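Trainee: next comes the sequence, and after it the predicted model I'd like to discuss.
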Amino acid sequence: MVRSRKELSMALSRLQGFANPKRRLEQYPTDPDTASALLWSAHMLGDIYGRAVADLGCGTGILSYGAFLLGARDVICIDIDSDAVYVASRNLGGNAFIHLVVSDVRLLSLRGVDTVVMNPPFGVVRRGADIEFLRVALRIAREAVYTIHKFNEESNAIIVREAVLHGFKPSIIDVRDIAIPAMYERHRRKVHRFRVALYVMKRVRSHVAEQENSDARRTLMRRGRVHAGARNLP
């Protein structure tokens, strides 16, 4: 088990990336610093150690491996691409606590998942793919969702709305710029930069919080939108 975020990032940097990335699936590497930032936040909030963790669209397994290093009880690494899952199997070393699944996440019927961690497609190639992943995560997570999304006011409003409507309280952990190297024929620049937000979404349980979320849901339904940009979201 790793003892610091720096140690976690170093361990994640040793993993193998995509051997044959597929543009239609928006397969891009998750950089170790961003992955460790998301996972360390989940760890510090008590949502990794001793928990059952699902990694949706796990790719080559960087978030799954990080969750394992932070003491997750079980990790389920799920991706539709068997080639990516094969690489993940090599990265994860056949560990008995990590379960590899080749599946479309939209067809999942999982129970007993405490926490979901994910870096879903941004929805650039197939519009709305990011929200499809988010809805699945919010459906199966008993406690929390930690997720990375391309950041702008419009997408932030949609993400917040989905979280609240599913009974979760969303907050932004960090907003940062990430660099993705040219990987496909259509890429004209050597490096593409995107602004992303790292979100934590905690399921609402207390009576007071449930009432607050209920009020927020009613407001969202009346307005059909939310104001974006706040760090601490309704």
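Mentor: Thanks, I have it.

Trainee: mind listing the residues bridging to the residue sitting nearest the centre point of the chain?
Mentor: With distances taken as CA atoms, centre = their mean, residue 118 lies nearest the centre of the chain, 2.0 Å away. As for beta bridges, residue 118 partners with residue 56, residue 147 under DSSP bridges.

Trainee: quick thing: my sequence starts at 35, can you match it?
Mentor: Sure, I'll start numbering at 35, so the last one becomes residue 152.

Trainee: show me what contacts it?
Mentor: 89, 90, 91, 92, 97, 167, 171, 179, 180, 181, 182 (CB atoms under 8 Å, 6 or more residues apart in numbering). Any C-beta I mention is one placed from the backbone N, CA and C, and that applies to glycine too.

Trainee: where does pLDDT dip in this protein?
Mentor: 157-159, 216-223, 240-249, 251-268 (pLDDT under 70).

Trainee: quick one: the strands in it, in order.
Mentor: 86-90, 108-113, 132-136, 149-152, 178-184, 202-215, 225-237 (DSSP state E).

Trainee: how about TSV for those, with distance to residue 72 added?
Mentor: Putting these into TSV (distance: least, CB to CB, whole Å) gives the following:
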stretch	distance to residue 72
strand 86-90	11
strand 108-113	14
strand 132-136	18
strand 149-152	7
strand 178-184	5
strand 202-215	7
strand 225-237	5
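
Trainee: so which of those strands is nearest residue 194?
Mentor: Counting by CB to CB, residue 194 lies closest to strand 202-215 out of the strands of the chain; the figure is 5.4 Å.

Trainee: please save the CA atoms from that closest one in PDB.
Mentor: Extracted C-alpha coordinates of strand 202-215, given in PDB (Å, rounded to 0.1, in the frame of the first residue of the first chain):
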ATOM      1  CA  PHE A 202     -25.800  12.900  -5.000                       C
ATOM      2  CA  LYS A 203     -24.000  16.100  -3.800                       C
ATOM      3  CA  PRO A 204     -21.400  17.100  -6.300                       C
ATOM      4  CA  SER A 205     -18.200  19.100  -5.700                       C
ATOM      5  CA  ILE A 206     -15.200  20.000  -7.800                       C
ATOM      6  CA  ILE A 207     -11.900  18.700  -6.500                       C
ATOM      7  CA  ASP A 208      -9.800  20.500  -9.100                       C
ATOM      8  CA  VAL A 209      -9.900  22.200 -12.500                       C
ATOM      9  CA  ARG A 210      -6.700  21.700 -14.500                       C
ATOM     10  CA  ASP A 211      -5.300  21.600 -18.000                       C
ATOM     11  CA  ILE A 212      -4.100  18.200 -19.300                       C
ATOM     12  CA  ALA A 213      -1.900  17.500 -22.400                       C
ATOM     13  CA  ILE A 214      -2.700  14.600 -24.700                       C
ATOM     14  CA  PRO A 215      -0.100  13.600 -27.300                       C
END
